[in-house]
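Colleague: I need the structure of the sequence given here:
(chains A and B)
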Amino acid sequence: MQRVSLKIVGASGQGINSVGEVLAKGLKREGYCVFGYREYPSLIKGGHASYQLDISNESVRGSVRVVDVLLTLNHHGLQRNLDDVKEGGLLIHNVLSWKFSKEDEERLQKRRIKVVYLPVEALLQKMAAQPILGNVLLSAFLWAAFGRKIDALKAMVGERYAKKKHLLDLNMQCIDEGYRFVDPATGPVSVSLPPPDPQWRDHLLLTGSHAVGLGAVHAGVRFFAGYPMTPASPILSYIAEIQNKTGMAVKQAEDEITAAQLVSGAMHMGTRALTATSGGGFDLMTETLSLNGMIENPVVFIVAQRPGPATGLPTWTAQGDLFLAVHSGHGEYPRCVMALADSDDAFHLLPEAFNLAEEFQIPVLVLTDKHLGEALFCQVPYDQSKTQLRRGKLVTEPAALAALKASDRYDPSPADGVSPRWLPGAEAATYCAQGDEHDPDGTVDEGAENARLQMEKRMRKQETLKVRLPEPAYAGAEQPQVLLVSWGSTKPVIEDVLRDEALKGQRIGWLHYTYLWPLKTEKLAALARKAKKTVLVEGNHQGQLGKLLRQESGIEITDTILKYDGRPFFHDELVERLQSFFPAKGRRSVPRPTLA
Amino acid sequence: MGIPLDNSGPTMKDYASPNQCTWCDGCGDYGIWTALKEALVELKIPPTRVLLCYDVGCHGNMSDKLKGYRFHGLHGRVLPFAAGAKIANMALPVMAVGGDGASFSEGVGHLVHAVRSNYPVTFILHNNANYGLTTGQASSLTKRGEKMNTSPNGIPERTLSSMDFVFSLEPTFVARGFSGNIWQLKEILKAAITHRGFGFVDVLQACPSYNHFATHDYLLEKCYDCWKEGHDPSDFKKARKLAVDTSRRIATGVLYQNKDVPNFYEELLPRQGKATTLVNEVALQDVSELMKDFA
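Modeller: You can find the predicted model right below:
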């Protein structure tokens, strides 16, 4: 598999995202799979940010650490990012009269890195164009380097400015200038891409947060309340952006407690409502979570993880809130914790989260993270034909409603723990959704026998759910030498890595968890017995899934690939770390893409 | 708004619960409990067509002492729960009930934003000027200097001027009732329930166990019906003055009402002109059109 990577660095607000987005969309339309990855500090202007595209004609769903092409929009990139460029790679910049230090100069020469200076400012001045158009110029230069035809880029940019003629003309001029620019010092440069594959043209290009938003709309979510917090905010932004199309009620709440209570009230009334937050905001929501456990109110909260504790690394990624999700809220109550892996999950699991919440009348926590939320995926258009709407024991038929007694609401007798639910406004016996321990109709009851029965009723739902949930997905060797165990957003990069030439011929098996609580362990037990080594891959310090697995199955996983520096697992990094579990003689070197 | 008219109408019996009341002798909650049921009955709202949401405090022990769809949640958090419920189903009247302890301390942020958002929800404030259920600690509305549980020397903080505070938020409906004047409180609640936006109803009540200052007798003597004295509830300035100044007499009745301000739901552009509620719109939605944005 041939893949090419492009990293664009610069200050936040300089427009690195717009170059990245234009190229991503353009290349996808040309027939390439692109995977976009952003790094940025927690500020609006300045700092040092990046937008990376990994490109191939085959599926590519992760980023490499060391890239083929680096484009830097300021001098910081020329100082800080030199080691990010592969040997034989290309470095493009727009910094007037830049002189590398002697050491850097030697480093670049030794690693045969070509440096192209693109005099953006001068070219823009010539056209009397504003600085913002520099991004178009740079995009066009890269477009040419990738060997793409100019008309395709013009058509795409033209779509955007169709109604703004004066801007359109300038944009086209910039495309012409950038496309034909040649640095006299290097001569023409080109980055060789593999031949395109038309299948990618029909794919969607979206972030995990867009996918969550689409999944929520599809699931029948009619109300969204949230409080801004990275990396959950893009979900709120997207849902707010499309509200006039969806007809959804959207509320930016005054805090996370409010958001949690608003959606709880709305769910209690009988609609589907959603909120999304990150760790700190979720901390504030946990009392409400516990309340929903007690009143058996279905709710779905999205927890978009970022590194903590405290404010931590606000714009970076982590898988550090698994324990939090599993143990959040006071008291004992049933819940479901699931983790999204990619843009496919993000869409298809949202309806499922609501189905499970309503069927079991429990809180469902959906874990995502910054990496998944902001990564740009090539996604097959979603198949909506197989989605189910399941609302469990929700009673809506008039005759059935009329037959209900108030004491049916929290009837402790059903074997599965799930009692009938009906909505305020229904022509039926009325009950109290009671946050105090209660008898079957919601009357406060502090009796010992009642407390025992109600606790057992609620916790039976957890057992029923455990039986219902699927085992984790397994892929790879039937008799694995190394068994990987992972969850959440590590899936796409692991999938790529296992297809990597460097690991070819190794007997690797891979167990990926989507449902994390209640936790199924039978499949793990069977596979761990077969494997020589079981290795945990997690984006946290403690190996949280590993600890939960040990708690639930007694199996202790001692080999780990853990990461907790705010960055996702990079493709090349994960290949290396995996290789360390195999004898050195079996290793192959990774072929490098050719750059002319 | 959105309240169905059913001519047959419920009776007090329809709201009666077999559960025994557990409030103290002489507690103001009895009066509020009665006035609430009477208001619902007179508005012909049957128990199946209302959601009564309770905060945590002595008042919350009303949650299983009457019929109707009810919810009993967390301390301080009743307002956003009630607002979410109402937004989901505008056809059902939703009432939130809370105490002064929760509403002016732990949940004060929610109160601010509920007023500001003008949620179409009625809020009944059980105002006994202390935390009753946790055995008589000072609330932010307790008179300064009173010796309370946990503050044997009286509290060091100033008393919060609750009415001045609420008026500073530009409310659209402010009323004050007295738990001893059940007939008037019922009329106030009827006006609040039929109000377009957020109806703030401050109910002064006795707490015979822990409030030794504003007793039932004290309130009986000081409260007067401002309707009878011709108060015009459309005058914001006069209403605020009347509400805040309780030094000689305490005005009760609807102090202020502005019927022209749209409520939160009416302000939501995507919901305008929709006859359905969010509850009956739950179905799998086709996202084909939205997917086109990502092609």
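Colleague: please count neighbours and contacts with C-alpha atoms only from this point.
Modeller: Fine.
Colleague: near chain B, which residues of the stretch 401-550 of chain A?
Modeller: Contact residues, the stretch 401-550 of chain A versus chain B (C-alpha under 8 Å from any C-alpha of the partner chain): A:424-436, A:442-444.
Colleague: list the residues that contact A:Val485.
Modeller: By C-alpha atoms under 8 Å, 6 or more residues apart in numbering or on different chains, the contact list for A:Val485 reads A:Trp510, A:Leu511, A:His512, A:Tyr513, A:Thr534, A:Val535, A:Leu536, A:Val537.
Colleague: try 6 Å this time
Modeller: Residues in contact with A:Val485 (C-alpha atoms under 6 Å, 6 or more residues apart in numbering or on different chains) are A:Trp510, A:Leu511, A:His512, A:Leu536.
Colleague: same deal with A:Asp416?
Modeller: With contact taken as C-alpha under 6 Å, 6+ apart, A:Asp416 is in contact with A:Lys461, A:Thr464.
Colleague: distance check, it against chain B.
Modeller: Using C-alpha to the nearest C-alpha, to the nearest Å, A:Asp416 is found at 24 Å from chain B.
Colleague: which parts of the stretch 201-350 of chain A are helices?
Modeller: A:208-218, A:233-241, A:243-246, A:256-269, A:279-295, A:322-327, A:343-360 (DSSP state H, counting those that start in this stretch).
Colleague: spell out which parts of chain B neighbour chain A.
Modeller: Proximity of chain B to chain A, by C-alpha under 6 Å from any C-alpha of the partner chain, involves residues B:48-49, B:64, B:68-73, B:80-82, B:84-85, B:88, B:270-271, B:278-279, B:282-285, B:294-295.
Colleague: in strands only, show me these.
Modeller: B:Tyr69, B:Arg70, B:Phe71, B:His72 (DSSP state E).
Colleague: and the pLDDT at the residue in the stretch 151-295 of chain B that chain A sits nearest to?
Modeller: Nearest residue of the stretch 151-295 of chain B to chain A: B:Val279, at 4.0 Å (C-alpha to the nearest C-alpha). Looking at B:Val279, its pLDDT reads 98.
Colleague: try B:Thr34
Modeller: Reported pLDDT for B:Thr34: 98.
Colleague: do A:Lys165 as well
Modeller: Looking at A:Lys165, its pLDDT is 85.
Colleague: show me what contacts B:Arg271?
Modeller: Going by C-alpha under 6 Å, 6+ apart, B:Arg271 touches A:Gly247.
Colleague: give me phi/psi at the spatially most central residue of chain A?
Modeller: What sits nearest the mean C-alpha location of chain A, by C-alpha atoms, centre = their mean, is A:Leu372, with 1.3 Å. As for A:Leu372, its main-chain torsions (degrees, to the nearest 10) stand at phi -70, psi -40.
Colleague: flag the shaky bits of the stretch 451-596 of chain A, pLDDT-wise.
Modeller: A:585-596 (pLDDT under 70).
Colleague: how about the strands in it?
Modeller: Applying DSSP state E, counting those that start in this stretch to the stretch 451-596 of chain A gives strands spanning A:473-476, A:482-487, A:508-513, A:515-517, A:533-538, A:559-562.
Colleague: want to throw those strands into a markdown table with distance to A:Pro583?
Modeller: Putting those into a markdown table (distance: least, C-alpha to C-alpha, whole Å) gives the following:
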| stretch | distance to A:Pro583 |
| --- | --- |
| strand A:473-476 | 19 |
| strand A:482-487 | 12 |
| strand A:508-513 | 13 |
| strand A:515-517 | 32 |
| strand A:533-538 | 13 |
| strand A:559-562 | 15 |
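Colleague: who touches stretch A:42-59?
Modeller: Here stretch A:42-59 has contacts from A:3-13, A:32-40, A:63, A:196-197, A:315, using C-alpha under 6 Å, 6+ apart.
Colleague: give the contact list for A:Pro234.
Modeller: Going by C-alpha under 6 Å, 6+ apart, A:Pro234 touches A:Ser209.
Colleague: picking that back up, and which of the contacts of A:Val485 is nearest chain B?
Modeller: Taking the contacts of A:Val485 together and measuring to chain B by C-alpha to the nearest C-alpha, the closest member is A:His512, at 27.8 Å.
Colleague: tell me how many other residues crowd that closest one.
Modeller: 21 (other C-alpha atoms under 10 Å in any protein chain shown).
Colleague: what bridges to it?
Modeller: A:Ala473, A:Ser486 (DSSP bridges).
Colleague: show me what contacts it?
Modeller: Residues near A:His512 by C-alpha under 6 Å, 6+ apart: A:Pro472, A:Ala473, A:Val485, A:Ser486, A:Trp487.
Colleague: any of those residues buried? List them.
Modeller: Buried members of the contacts of A:His512, scored by 16 or more other C-alpha atoms under 10 Å in any protein chain shown, are A:Pro472, A:Val485, A:Ser486, A:Trp487.
Colleague: A:Ser101: neighbour count?
Modeller: 10.
Colleague: quick one: it and chain B, what's the gap?
Modeller: 44 Å.
Colleague: from A:Leu108, how far off is that residue?
Modeller: 11 Å (C-alpha to C-alpha, to the nearest Å).
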